[in-house]
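*Asks:* Sharing a model prediction with you, sequence too.
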Amino acid sequence: MTIALYTWNTPNGRKISVALEEMGLPYSVHPVDIGKGRQFEPAFLEISPNNRIPAIVDSDGPAGQPISVFESGAILIYLAEKTGRFLPSDPRERVQALEWLMWQVGGFGPMPGQVHHFLGVSDPQDQRYGLERYSKETHRLYGVMDKRLAGRAFFAGDLSIADFAVVGWAWRHERHRVDLAAYPNVRRWYESMMARPAVRRGFEVAMS
């Protein structure tokens, strides 16, 4: 059975395509053009009531019954539990993977996302405070990442859904106005992630 991925070409969307490719799950992409407001259409709201991408529909869900899942973090946990991959069974390691997943969902996503927003504000007076505030916080988060990845290949032991979550946003580092040369551990991790064939496929699949 094929998982239907409803998404658009955004960091949160790419997190899921990368995970699906790494897990070897068959899926089909259903673009939701957020620029044209397609996320507000009733059919999409049935599976994503918060009118945000991504969302999935798994026709072979629990007990063989269809299930829809929205929110990228929840989707990653669902897929990891479905396949038994990329989420450690050891309780301590599992907690670490979930910690870094939630770190991304709660911080390294919303904060650089605000940088994206304020870069698009045309009035310099309106732009200045927001861009300064969120750029500073974004750089702080890159610093947190850099410390975590010192001497580590991945965020939580072996490759996990935490890495899939973070790489979706690190992919936009240039748009964040971040030079990875300032964060060598992040750069090493990012380059190794992007060199993985499944990760490349996850970023190359058409979403728009």
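*Replies:* Everything's here; your move.
*Asks:* Tell me where this protein has helices.
*Replies:* Secondary structure of the chain (DSSP state H): helices at 11-23, 42-45, 72-83, 91-106, 110-119, 124-148, 161-170, 184-194, 197-204.
*Asks:* got these as a markdown table, with distance to residue 62 and mean pLDDT columns?
*Replies:* (Each C-beta comes from the backbone N, C-alpha and C, glycine too.) Rendered in a markdown table, the data for these read as follows (distance: least, Cβ to Cβ, whole Å; pLDDT from 0 to 100):
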| stretch | distance to residue 62 | mean pLDDT |
| --- | --- | --- |
| helix 11-23 | 17 | 98 |
| helix 42-45 | 22 | 98 |
| helix 72-83 | 9 | 98 |
| helix 91-106 | 20 | 97 |
| helix 110-119 | 30 | 95 |
| helix 124-148 | 33 | 96 |
| helix 161-170 | 19 | 98 |
| helix 184-194 | 30 | 98 |
| helix 197-204 | 25 | 98 |
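*Asks:* out of the ones you listed, deepest packed?
*Replies:* Using mean count of other Cβ atoms under 10 Å, the stretch among the helices of the chain with the largest mean neighbour count is helix 161-170, at a mean of 27.
*Asks:* one step back: dump the helices of the chain into a markdown table; add distance to residue 35 as well.
*Replies:* Formatted as a markdown table, the helices of the chain follow (distance: least, Cβ to Cβ, whole Å):
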| stretch | distance to residue 35 |
| --- | --- |
| helix 11-23 | 13 |
| helix 42-45 | 14 |
| helix 72-83 | 19 |
| helix 91-106 | 23 |
| helix 110-119 | 14 |
| helix 124-148 | 21 |
| helix 161-170 | 19 |
| helix 184-194 | 26 |
| helix 197-204 | 20 |
